[in-house]
Each structure stands twice: as C-alpha cells, then as structure tokens.
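Undergrad: coords please:
(4 chains)
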Number of protein chains: 2
Amino acid sequence: MLAYTTKDIYMKDTDETKEQLILQAAEAEFMHKGFQGAKTASIAKEAGVTHAMLHYYYRTKENLFNKVFDSKMTLIANIIIQSVTNSDVALLERVKLVIESHFDFLVQNPDLPRFLINELISQPDKKQIFEDKIRVITSIVIPSLQKELDDEAAKGAIEQIKAFDLILNIVSLNIFVFITFPILKSLDFSPHTADEFLENRKRENIEVIMRRLIKQK
Amino acid sequence: MLAYTTKDIYMKDTDETKEQLILQAAEAEFMHKGFQGAKTASIAKEAGVTHAMLHYYYRTKENLFNKVFDSKMTLIANIIIQSVTNSDVALLERVKLVIESHFDFLVQNPDLPRFLINELISQPDKKQIFEDKIRVITSIVIPSLQKELDDEAAKGAIEQIKAFDLILNIVSLNIFVFITFPILKSLDFSPHTADEFLENRKRENIEVIMRRLIKQK
DNA sequence: ATAACGACTAACAGTATTGTTAATACAAAC
DNA sequence: GTTTGTATTAACAATACTGTTAGTCGTTAT
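TA: Predicted coordinates:
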C-alpha cells in the first residue's frame, strides 16, 4: 500500500488535480442545467479531461451529482446555523440583519435556490436530506422565534405574525429575485446596473418586512 | 382533397382524438419535467398511443413543446389583460384585488410559474416571446401605475414606492409559495390542510403588501 | 370498383449518452 | 529490477431517445 501518490509530491500547490477540476466543472454544469440537463461528456470537456477520467474518479453521473448536491446542502446548513447565532441584538434589528445576510449570501450564490428547488422537486428522494439539514429551523428556530414574536406582540411592540409566515415572507422576497434574475435582466428595467438593482431590492425587501412587523400608531 | 375525415363524423363528442390526447399528455409531462426531462415515449405511453403517432401528428418533440409553451404564454397574457381591466375601483382596493386574483390563478395553475421560469432560463431564445406577451405591463401598466402611486404618495395617502418594486413584491410573495409547494408540504407545517395553508398565505401576502403601502400615522 | 387519403403500427435507423475495459505509462516499494 | 498501484486514454458496449419509413386497414370520392 502506497502512503502517498505521485501527484501528492509533484503537484504544484497552485493548480488543481484533475479530480478537483472535474468536480468544479460538474458543479458549474449541474447548477446551470440540473441533473437531467447536465451531460458527463460536457463536464469532462469543460474540465479539460477525457470523459473516461470522470468515470474513473466518480464512476457514475449520480455519484458526481451527489457530491455536488451534498456540498450545497452543507453550505445551506452552515448559513442557517450562522444566521441564528447572533441572538444578542433586539428582535427587529435581528430580523433586518437576517434579511441582509440572507440576501448577501444569495448574491454570492445566485444559482443555488433554483438548483435546490428543482432538484428537490424532480428527485423527491432527496427531500429527506434537505429536511434533516434544516430541521434546526423547524424544530428550534421557529418555536423560539414564535415565542419572541408573541411576547413582543403582547407588549404592543409589533404586529402579530406567525414565525413560519415571517420566514416564508423573507425567503420569498429574497429568493424570487435571484430565481428570475436572468429574465428580469432582459426586461431592462430602468437605466440601473445589476448591482444597483440588487441593492435596491435588498432595501425594498427589508422595508416590506419591517413595515409588516412594526405596530401602527 | 377531403373536406372532412373519418373521425370528424364518427368520433363521439365525449372522447378525445388521439391528437388531443397526445397534446394533453405532453402538457402534463412538460409541465412536470420540463423540455429536457420530458420523453416523447413517456408522453405517448401516457396518452395511450404508440410513440410513432406522436411524431405522425407533431413530427418533433420541439414542435409539440412549442404548442404547449405557446398556449401557456397566451394564458399568461390573458390573465394580465384581465387583471388590468378593473380600473374603476380605488388604488389600494385594486391592488388587493390583483393580489387575490393572481393568487387564485396560481391555485388553478400551480405548476405554471416553475415551468415558465425554468424554460425561459434554459431556452433563452424563448424570452423574446415572453417579453412580447408582457410588453403591455412594462410599457403601459407600469408607467400609469407609477403615476397613480406618485399622486397618492404626494397626497400623503400612501408611502412612496416604485411600481416595479410593488409588482415584484406581489409576484414574489404569491409565486414562491407555489414554486416550493411540494417541498413546503413535506415539512408538514402545523396541522393545517393544504387548502387552509394556501388561504392563510393569500391573507398574509395581502397583509404584507397593504402594510407596505399604507401611510404610518 | 378502384384510386386516394387519413389513421395507424412495427420495425428500423441514427444519434446521444452513460459507463466499461484493455492497454499504456510511470513512479514507488521491495 | 521486478512488482505494484495510480493515472490515463482510446476504443468499445449498452442503452435510451428521437425520428423515419414501409406498409396495412378502412373509408371516401369518382
């Protein structure tokens, strides 16, 4: 048994192994075209390797897909954990921070929502993995958030709302922009750049959610 | 040249021609799986005909797809025209009616948004058709709505908002529920039925938009 | 009657796509 | 230096999918 291989020794730190190149190309292709639309030959070509190499390292298309899918699931889970941890600030301010960080996350990962939604719907067996990853939301965040919301509402500080509705409102407003971005872009809305458009949408989404929560005097 | 065919005379009114059965099966398959995911053999099987029949009547998969796609585009266009026509009621009430009718339309066509979004993104050449269909919105509805919103805001009756943002807010909140419905359903939110859940979401979406618009005293 | 036409099928053809395998090269271990 | 294991490729195999074709059957027009 060899303790290390040729490439462990001779690979420059700067360039990636073929195995990594394939995974990267697969990620791009799966994110854009989904499992069905992605072709292993196309992935191999994009990675600059023969398509036999793809099968050599990952054996099947499904295997390769699962690697990508799982990494995205982990990404989602980490973001959720992260967004829950700053529980020292006041409720309304915290909601605003969550909207912002969620939106900023989407700016960095614009294709992720459509990818996950489509794959979860076309491959229902994958839903269990998703449910497990976001269980922390359904079983911990929502109940505790609901209690906070109810307390604040009882004090007359905010309007009544179900935690699930609040979260769904935020996620809907934030994600929809990114799901439809290629379409919205082609409608050439005003003379704004894409960056300006996104900044404006982030502000608008915060505005909408805040006005939903603040108590009318 | 024959003026009429056998089936014109002998077909019972009650059952459909094979040509129609194929189109119906194609619609269901394309809506669920998209162009790539749909298989002509599967469509034929679902329609209860040999797959040669499918090619006999529609020649190519793309042809068949375009028939389905165009009919959905027309549907969208009609809904838009329809939702614009009741311009006699007051602005806020009219906005509420638009949200409701849009939501109710989605209840009747739950798969339509995901289908259109995915196909418009995976087949960018189709975007032109879409843009033509909704031109009435971008070129007529938005400018006139913007004027109304500005007038009301100047009077202090509502908060300032860009017409484009208002429409995007409504569409985001309404559509996202349906895009993710199969996923949300499996999260078994509360002991509500699907109908109750949707009724609640319609109310919540109206609430959110109204609170965004009404002026804080 | 028979020619023409629409509806229909089975069988085939062509290509795309995924996956395998036999063979080669080459460094590492002993 | 021979063996062993990894990396790599070209070529092949198997299947899936779209589309075509030749031919049958029944009805209609003349």
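Undergrad: which residue is nearest the centroid of chain A?
TA: Note on chain A: the residue nearest the mean C-alpha position is A:Leu112, at 4.6 Å, using CA atoms, centre = their mean.
Undergrad: was I right about that residue contacting A:Met73?
TA: No. Counting by CB atoms under 8 Å, A:Leu112 does not reach A:Met73; the two are 10.4 Å apart. (Each C-beta comes from the backbone N, C-alpha and C, glycine too.)
Undergrad: Helix or strand: which one has the closest residue to DNA strand D within chain A?
TA: Residue nearest to DNA strand D within chain A (CB to the nearest atom of the strand): A:Ala52, separated by 3.3 Å. Mapping A:Ala52 onto the secondary structure by DSSP states H and E places it in helix A:51-58.
Undergrad: Can that helix be said to contact DNA strand C?
TA: Yes. In terms of CB under 7 Å from any atom of the strand, part of helix A:51-58 sits within range of DNA strand C, namely A:His51, A:Ala52, A:His55, A:Tyr56.
Undergrad: So stretch A:206-214, near chain B or not?
TA: Yes. Using CB under 8 Å from any CB of the partner chain, stretch A:206-214 comes into contact with chain B via A:Glu207, A:Val208, A:Ile209, A:Arg211, A:Arg212, A:Ile214.
Undergrad: re earlier: from the residues of helix A:51-58 next to DNA strand C, which is closest to A:Lys126?
TA: A:His55 (22.3 Å; CB to CB).
Undergrad: mind checking how far that closest one is from A:Ala41?
TA: For A:His55, the distance to A:Ala41 equals 11 Å [CB to CB, to the nearest Å].
Undergrad: Who has more neighbours out of those two?
TA: Comparing A:His55 with A:Ala41 by other CB atoms under 10 Å in any protein chain shown, the one with more neighbours is A:His55, at 16 against 10.
Undergrad: pretty sure the more buried one contacts A:Val49?
TA: No. Contact status for A:His55 versus A:Val49: not in contact, 10.6 Å apart, counting by CB under 8 Å.
Undergrad: Which strands or helices does the helix ranked longest in chain A pack on?
TA: The helix that spans the most residues within chain A, counting by DSSP state H, is helix A:61-84. Packed against helix A:61-84, as judged by 3 or more CB pairs under 8 Å, 6 or more residues apart in numbering or on different chains; DSSP states H and E, are the following elements: helix A:18-37, helix A:40-47, helix A:51-58, helix A:91-108, helix A:112-122, helix A:127-133, helix A:135-136.
Undergrad: shaky segments in chain A?
TA: A:1-15, A:189-191, A:217 (pLDDT under 70).
Undergrad: Who are the contact partners of the closest residue to A:Glu152 other than its chain neighbours?
TA: Here the nearest residue to A:Glu152 in space, its sequence neighbours aside, is A:Ile158; by CB to CB, 6 or more residues apart in numbering or on different chains that works out to 4.6 Å. A:Ile158 sits next to A:Leu91, A:Leu92, A:Leu149, A:Glu152, A:Leu213, A:Ile214, A:Lys215 when contact means CB atoms under 8 Å, 6 or more residues apart in numbering or on different chains.
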